[in-house]
Structures are given as C-alpha cells and as structure tokens.
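In: Predicted model and sequence below, questions to follow.
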Amino acid sequence: MTRQAKTWLVIGAVFVALLVARGMIGQGLGRVYVKRTDVTVTLPDTAAVNSAAAGAASASASASTSASTSASTSASTTAVSAPATAPSITSTSLASGTTMSWQEWKQVPPLEFIAAQKANPAQTEITMSWPRTIGLWLAAFFTLAIFSFLYADNPFYKIAESLVVGVSAAYWGVIGFWDTLVPKMFGALTPGLVKSLVQPSLVAPEMLQQISMVFALILGVMMLWRLLPRGGWISAWPLAFIVGVTAGLKIVSHVESDLMAQAAATMKPLVVSVTDASGATNMWDSWWASVANVLLVTGVICCLAYFFFSVEHKGVVGGAARVGIWYLMITFGASFGFTVMGRIALLAARVEFLFDDWLWLIDPNHFRGL
Amino acid sequence: MSAGNFNNTNASARPWFERLDRVDRRWIFLLMFLAVSGPILWIGVTGKTLPEAPTLAARAVFQEIDQLPARSLVLISFDYDPASAGELQPMATSLVRQCAAKNLRMVFIALWPLGNQVAQQTIQDVIRDDYPALKEGEDFVNMGYQAGNEAVMKLLLTDFAKAFPKDSRGEATSNIPMLKDVKMASQFPLLISISAGYPGSKEWVQYVISAKNEEMNFVAGCTGVSAPQLYPYFPQQIAGLLGAIKGAAEYESMVNESLAVDGVATAPKYLQAQRRMGPQLVAHLLMVGLIIVGNVIFFARKRRGAA
C-alpha cells in the first residue's frame, strides 16, 4: 500500500467515525422531512370568468381553490392559492368545471415530524422524504469529492468532475432543444403541431416571424452542410451572416456605452463645490470630490499614455506612462481582491450547506429549532 | 543563493524563509478552510453579525428603489444560476423584499436558463412567505427564461410581448393584468439586473441603458469577478451597484434597518449576506497575512542573494 493510499484510508476512517459520532449525538444529521398537502382546483366556467372579469383579472387568477380531505389518509389539507400553482384556463385544453387534484410536498422542520409522531404514531402526513434525503447526502458527497482535489487528485474527484461535465452537456442540450428549437423554430414553422403535441401554451407567431424562421432554417441547414463531405464552403455564408449581424450590433452598442458615454463621464471639473441643504459650501465634501475627479482624470490620461506606443516613453510621456502603470497595478489588485471575495463567498456558502443542511451543526435560519 | 543549492542541504539547515517558502500548499488550504468555517460556526451558534457601513454605490441602489412611487413597474432580471447563488442570492432576496415592501409591481425575467428557478425560489421565500397579499399577475409575475441573450434585450426595447410571449405558468402576456399597458421595456422606470456574467449587467448597459438612459434607471448586483468591469459605468449608466457579497451585506443592512419593527427581530433569511461577512473578514485577514509573509520571504531571499 502506498503512502498516499494509507493517508486516504486514515482520512476516510476518521471522517466516517466523526460522521457516525455526529449521527448519534442529539437529533442526528442529514434528514429531510416533508409535509403533504392535497390540493383540489375546480376550473370555473371560462365564459363567465371572461365576461365578469372584463379584463380585470386573468382566468387563472379567479380559479377557485378548495381544500379537500383525503379519505384514505389522515392528511390535513391546506388551501393553496390557485394562481400560484394551478395552470391557466386559457392555456389548457381542459373543459370548464374540470376538477384537478394533486399533492404538494413542502419541507418541514424535524421537530414538526417529532411532534406529529408523538400526537399520532400512525400519521402519514409528515414523513421523511427518502428522495430528498438521498439528494442531500449526494450533494454533500459531491461537495466533499470536489474539495478532495485540494489534497490530491483522486477517483472521487474524477467521478464528480465527470458527472458535472456530463450533466451540464446534457442539460444544455435539453435547454437548446426545448427553449430554442421547439418554441422558436418548430413553433414558428408548425405552430399547430407544436401546440397540440408538446406546448399547449405556445403563443402563435405572426406571419413575419414565420417567414423569418424559414430564412433561419435555411441558414441552419447551410451551417450543417460542413458536416457533409462536399460543399463545406456553403457553411461560410451563414457564418458571414452571424459575423455581420454580431459586429453591427456590438459596434453600435460599444461605441454608445463604452466609448461615448465613458468619455463623457471622464470630462469632469477638477474643482468641485459641494453645497449642503442650506446652500452653503461643504469644504470637506468639496475637497474629496475634487480629489476624486483629479485622480480619475489623471488616471485616464496616464493609462492612455502607457498604451500610446507611437511616442517613446521618455520625459513627460514616460512619467505619465509610469503613473499609468501604477493605476493599472492598483486596478489589477482591486480585481484580484474582488475575485478573492467572490470565491470565499462561494466557499462559505458550501461550508454553510455542509454545517447546516447536512451535519446540523448550526441552524442560522432557525429552521430546525433544535 | 539559488533554490537548487538547498536541494542538497539538510532541511533543518535551511534558513527560516526557505523553510516557509517550501511549506506544503495544502496547509494553506487547511488554514483557509478553518478561516472560513470558524466564523460560520461562531455566527451560526451566536447569531451575531458584523456592522455594515453602506458605501455610495449601495446607498444609491436603496434610494433608486425607495424613491419610486407605489405601484411603479420594476423589471428584475435574474441573470445567474445556483452556482453563483452563494454570492448573489442574498442581494436578490433583499432587492425583492424592498420592492415588495414598497408595493412596487415586479416583473421577473431570466436570461440564464436556471434564472427562472432561482427567481421562483426567491418569489417563494420573500413574496409568498412574507407578502402573501401580493397577487401573481397583478403585483408580480415571473416571465421565466427566454433564450437569445442580447437579442432578447433588444427585442424588449421594441416589443415586450414578443420577447416574452407568456409567463412561467404558460399564461399569455396579453392576459396578464399588470402587463396590459406594457409595450416596451422603457415603460419600466427601473431595471434591476442580478448577474453572474454573460449575458448580464454589462449587456444591459450596452444594449438597453445606452439607448434608453433618459427614460429608465438601472441598478445592478453582480459577482466579485465581474464587479471591476461594472464600476466604470457607475453612476452615469448604472445608477447603483452592489458589488459582490460586501455590496449585498451593505444593502441588506439598509433594507433591514428601513423595515425594522420595534421589538421584532429580523428574520434570519434576511441576514444571509451579513452572516457571510464573518468568514470574509477572517479569510481576508489570512490572505493579507499570507501576502505579507510571501513578500517577507521574497525580500529576505533577495537580501541573502545580494549578500
């Protein structure tokens, strides 16, 4: 056994021992309890709703909600606002008067489960959710698996990394298909088919949009032509279209927001007079506002001087360029500081998850109340 | 003295700065973990948070929302996903809370696929839990995710319903009461973007605000990595800016102070950002210490080399 394998074995054994110990202290750790709510919604008469509302409220907002009691279980039910969860009448093919029922599961604190069990040991309204609990443990496992790379590369990290890559690729594929191709392309070309088969809530496109999508489809097919053994040059045409449109969009926006607006924002008075509510000049604020403007203008000029290579960096230009380097260094330092802050915030969020949701060491949101 | 010379010498015979220079980096990782986890445990047990002194950029965000008349329309773009929630969720929660408390009508949109789910979770945590009187479709609506990045932004300027033809429930935009008179994005007096990258606040400035700066104000919340790119836009193009978790903590403290009720403690979910400033403080002190140690080693080595 190699030294590294031994180290991993020791780390793993200590970790499991601590985990078992934590599980035996107090209320334990890492469980998710859920409460079942039965919801029943009866869709009202669409015509009546439309005439009564007269555009004041959407049909879905006036869908009546009633709480039903499940006869087969002892679950108590809570009235749930229909608009929050119920599908819209206008976007479904359900007839008026149709009754829809479903169950909602909301996470509750462990204490609520304990109290419910004490009151009625046979109750099934609040239960431990195995899927959510397993999900919680998997989240903790993968968090630790990623962190384990800090010690050394290892199979757990590789598994977590591969899963992230695989899931991300699949997710983006699904998003691209259902959020772009289906509603925008197929929805525009064959709206009736898409509406009846996959997206009942699809808003029918206008004629112009349909025509433009035919154009987009042709460009798309031309782009895919590069996969064929012959005629790969055809894909250059849609690429040229993309480059042209993107350049046009970007040039205008960059000139407006990053050149003109930024240049205008730099043209500031070097001496500023700040007045208070009574109209008197506030010397302290005026001093600092003036210093800020002087620093800003100096910084812009000096940084521009540093990147101005047509003149040798000697004399005044050289001095300005040197000051420009200082400004750039300070900027890089500030960027690094912000990056550190961001990364620590993300680390803190993961550590908080491990300590709070998984290990139940802390309860900052006063959720468990242990 | 070169590093190669030390390879042939006994470790105990090395100068102190060389021994420090050769410390296994995993000790630094462990120190960082302790620096972050220690304050989390301490704050988690005691519930104490650090005081915040809001800066100009954070105050501007608060004022921009505060000065809006009740029932004003606010467009809130969730341009991030759970990967950045540790940094951005606290500010999103506080932004929605202030808008809800001011009785503003909120329209949520997402240009990131998972932004829709993050917006939905925020709506649940803030609006449904603490402002149950607000009605979906009249006081707030989640329009969901729309693919297209900048194209969606440009389309919003000309035809809101075309950019977002339906909300996340599938309700057609034309049937949503609060959007009946909304034709284009410039009808929103305030645009809020909470962004983790592309597309995000920078693109909102470039494609929307630069065209409609006179008609609508823009405030943004962003991650630490993207904050330096956005500060040049403040205050002309971005009226207020929440930079990373620090900006979130400052803003959160202002919102909490403005909505404080005597004798009632602020709900813990509205203290997320301030809680995370504890680990920030200790971790930053560690970073500063490590940078100083690194510099001391550098200069000690240089001096020894010169001697």
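Out: Received it, and whenever you're ready, just let me know what you need.
In: What distance do you get for the residue of chain A most remote from its centre to A:Ala305?
Out: Residue farthest from the centre of chain A, counting by CA atoms, centre = their mean, is A:Gly315 at 51.4 Å. According to CB to CB, to the nearest Å, A:Gly315 stands 11 Å off from A:Ala305. Quick note: C-beta positions are derived from backbone N, CA and C, even for glycine.
In: buried sites along stretch A:195-214?
Out: Across stretch A:195-214, burial judged by 16 or more other CB atoms under 10 Å in any protein chain shown covers A:195, A:199, A:201-203, A:205, A:213.
In: ditto for stretch B:78-92
Out: Within stretch B:78-92, the residues scored as buried using 16+ other CB under 10 Å are B:78-81, B:84-92.
In: Now do the same for it: mean pLDDT, whole number.
Out: Mean pLDDT, stretch B:78-92: 95.
In: Restrict it to CA atoms and write it as CSV.
Out: Extracted C-alpha coordinates of stretch B:78-92, given in CSV (Å, rounded to 0.1, in the frame of the first residue of the first chain):
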residue,chain,number,x,y,z
PHE,B,78,-32.2,37.1,-12.8
ASP,B,79,-29.1,36.5,-14.8
TYR,B,80,-27.4,33.9,-12.7
ASP,B,81,-27.8,30.3,-11.6
PRO,B,82,-27.3,28.3,-8.4
ALA,B,83,-23.5,28.2,-9.0
SER,B,84,-23.4,31.9,-8.1
ALA,B,85,-26.2,31.8,-5.5
GLY,B,86,-23.8,32.0,-2.6
GLU,B,87,-22.8,35.5,-3.7
LEU,B,88,-26.0,36.8,-5.4
GLN,B,89,-28.9,35.2,-3.6
PRO,B,90,-28.7,37.4,-0.5
MET,B,91,-28.9,40.6,-2.6
ALA,B,92,-31.7,39.2,-4.8
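In: so how far is that stretch from its chain's centroid?
Out: Here stretch B:78-92 is found 6 Å from its chain centre; the criterion is CA atoms, centre = their mean, to the nearest Å.
In: residue boundaries of the strands in the stretch 1-150 of chain A?
Out: A:33-42, A:64-67, A:99-108, A:126-128 (DSSP state E, counting those that start in this stretch).
In: now do the stretch 151-300 of chain B
Out: Assigned by DSSP E, counting those that start in this stretch, the strands in the stretch 151-300 of chain B fall at B:190-195, B:217-222, B:240-243.
In: now for those strands, which one comes closest to A:Trp102?
Out: Of all these, strand B:190-195 sits nearest to A:Trp102, with 31.4 Å by CB to CB.
In: Would you confirm that A:Thr331 contacts B:Pro228?
Out: Yes - with contact defined as CB atoms under 8 Å, A:Thr331 counts as touching B:Pro228 (7.0 Å).
In: neighbour count winner among the two?
Out: Comparing A:Thr331 with B:Pro228 by other CB atoms under 10 Å in any protein chain shown, the one with more neighbours is B:Pro228, at 18 against 14.
In: any idea how far B:Phe234 is from that one?
Out: Note on B:Pro228: its distance to B:Phe234, by CB to CB, is 11 Å.
In: sorry, back to before: of the strands of the stretch 151-300 of chain B, which is nearest A:Ala320?
Out: Closest approach to A:Ala320 among the strands of the stretch 151-300 of chain B (CB to CB): strand B:240-243, 28.9 Å.
In: what about the closest one and chain A, touching?
Out: Yes - against chain A, strand B:240-243 shows contacts by CB under 8 Å from any CB of the partner chain at B:Gly243.
In: Need the per-residue pLDDT for B:Ala220.
Out: Model confidence at B:Ala220, given as pLDDT, is 97.
In: quick one: the residue in the stretch 51-200 of chain B that chain A sits nearest to from A:Phe149, how far?
Out: Here the residue of the stretch 51-200 of chain B nearest chain A is B:Gly86; by CB to the nearest CB that distance is 2.7 Å. Distance of B:Gly86 to A:Phe149, given as CB to CB: 19 Å.
In: quick revisit: which of the buried residues of stretch B:78-92 sits closest to A:Ile11?
Out: Nearest to A:Ile11 out of the buried residues of stretch B:78-92 is B:Gly86 (CB to CB; 25.6 Å).
In: Leaving out the residues flanking it, which one is nearest to the closest one?
Out: What sits nearest to B:Gly86 in space, not counting adjacent residues and going by CB to CB, 6 or more residues apart in numbering or on different chains, is A:Ala349, at 2.7 Å.
In: what comes up buried for whichever strand or helix holds that neighbour?
Out: Using DSSP states H and E, A:Ala349 sits in helix A:315-353. By 16+ other CB under 10 Å, the buried positions in helix A:315-353 come out as A:317, A:320-321, A:323-324, A:327, A:335, A:337-353.
In: ok, now stretch A:183-196?
Out: Residues of stretch A:183-196 classed as buried by neighbour count (16+ other CB under 10 Å): A:183-188, A:191, A:194-195.
In: next one: stretch A:306-317
Out: Those would be A:306, A:317, for stretch A:306-317 by 16+ other CB under 10 Å.
In: before we move on, what about stretch B:115-126?
Out: For stretch B:115-126, by 16+ other CB under 10 Å, it's B:115-123, B:125-126.
In: Same check on stretch B:225-244?
Out: By neighbour count, with 16+ other CB under 10 Å as the criterion, the buried positions of stretch B:225-244 are B:225-228, B:230, B:233-234, B:237-244.
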